[in-house]
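Peer 1: Next input, structure requested:
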Amino acid sequence: MDELISKEGLNFYMKRRPHLKMEDASFGKRLARIRKACGLTQAELAERVGLSRRMLAYYEAQSQHIPSASILPALAKALKCSSDQLLGLKNLKIKEPGVSMKLQSKLNIIPKLPRKQRKAVLDYAQALYRDQQQANSK
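Peer 2: The predicted structure follows:
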């Protein structure tokens, strides 16, 4: 089995990067946050990377352990970020949890639609939202 990077190893890097926030020091929390922002379940990400869902859950829960150098690039690629960003060595802007990458990719096609269809999609979305607000107020 590949050797894991220790918490002490991560702390060494964090000391050299004082601009990073303490919540960014937890690899497991960062991994989970990025995965959720990408709209992936643990099972989906694990399958893309070639891990078991259980092992991925371990990495997310056991924040002091970081995957081996052979797994880290695959995780970064699946999450569309760099290994340095995944490790917290470089900043990564994560979109609000409510807008997953899956949803964002679908929303990105709206401006490409003809004007009439684009207006219909936006009107429909607005009507759905209005109906939901009314249902919540009852």
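Peer 1: Just the buried positions in whatever helix or strand Tyr59 lives in, please.
Peer 2: In this assignment (DSSP states H and E), Tyr59 forms part of helix 53-61. Residues of helix 53-61 classed as buried: 56-57, 59-60 (neighbour count, 16 or more other C-beta atoms under 10 Å). For the C-beta atoms, the positions are set from N, CA and C on the backbone; glycine is no exception.
Peer 1: Need the residues you listed in CSV (columns: pLDDT and distance to Gln117).
Peer 2: CSV is the format used below for the buried residues of helix 53-61 (pLDDT from 0 to 100; distance: C-beta to C-beta, whole Å):
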residue, pLDDT, distance to Gln117
Leu56, 93, 39
Ala57, 93, 42
Tyr59, 91, 43
Glu60, 90, 40
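Peer 1: looking at the protein, which helix or strand does the model trust least?
Peer 2: Least confident helix or strand of the chain, by mean pLDDT, DSSP states H and E, is helix 7-15 with a mean of 51.
Peer 1: thinking again about what came up before, and the buried residues of helix 53-61, which two are furthest apart?
Peer 2: The span of the buried residues of helix 53-61, defined through C-beta to C-beta, is set by Ala57 and Tyr59 at 7.4 Å.
Peer 1: quick one: contacts of the strand or helix carrying Arg118?
Peer 2: When elements are defined using DSSP H and E, Arg118 is found to belong to helix 115-137. Residues outside helix 115-137 that contact it (C-beta atoms under 8 Å, 6 or more residues apart in numbering): 110-111, 113.
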